[in-house]
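> I'll drop the sequence and a predicted model, then ask my questions.
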Amino acid sequence: MQRNTAQREAIRDAFADAGRPLSVDEAHEIAQKTLPSLGVATVYRAANALADDGWLARVELPGEPMRYELADLEHHHHFHCTKCDRVFDVDGCGLDHHAHLPDGFVVESHEVVLYGHCCDCSRKRR
Ligand SMILES: [Zn+2]
Ligand SMILES: [Zn+2]
């Protein structure tokens, strides 16, 4: 069981330290630096277990593999870099729910995804 605990910890650390949503592959790559023997299937199972526990939240962007982020974050939007395929958090909101809503409609939640190039990728272009 000792090994499983170390695995879980490495996987949790990967998500906790990332500061942005990670796919299973990304979390695997990071956690492998601590535990080289870590398999991608283990990360996949752990991410789902952590999401079921409510510690991680699933981030599902259209046409994208599932990503996971810490569940206790404030409401925020996401930025998807179309070059390096990383997803970043964008703090704040500023969206007016009621602006164009027909009478009687009630919004419960929303998801905003911005697409473009992150600072690393836009710098490389110049
Ligand atoms: Zn990028
Ligand atoms: Zn918002």
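Received it, and whenever you're ready, just let me know what you need. Ligands and ions are numbered 1, 2, ... in the order given.

> residue ranges of the strands in the chain, please?
22-23, 56-59, 67-70, 76-81, 87-91, 113-116 (DSSP state E).

> can I get these in CSV with distance to Leu35?
(Glycine included, C-beta is placed from N, CA and C.) Shown next, in CSV, are these (distance: least, CB to CB, whole Å):
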stretch, distance to Leu35
strand 22-23, 16
strand 56-59, 19
strand 67-70, 18
strand 76-81, 27
strand 87-91, 24
strand 113-116, 32
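
> Give me the domain ranges for the protein.
Following automatic domain parsing, the chain resolves into domains at 2-70, 76-125.

> most packed of the ones you listed?
Mean neighbour count (mean count of other CB atoms under 10 Å) peaks for domain 2-70 among the domains of the chain, with a mean of 16.

> what's the spacing between it and its chain's center?
Domain 2-70 sits 10 Å away from the centroid of its parent chain (CA atoms, centre = their mean, to the nearest Å).

> That one close to ligand 1?
No - residues of domain 2-70 are not located near ligand 1 by CB under 5 Å from the ion, the shortest gap being 11.1 Å.

> now the strands of the chain in TSV, with mean pLDDT?
Formatted as TSV, those follow (pLDDT from 0 to 100):
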stretch	mean pLDDT
strand 22-23	98
strand 56-59	97
strand 67-70	98
strand 76-81	96
strand 87-91	95
strand 113-116	96
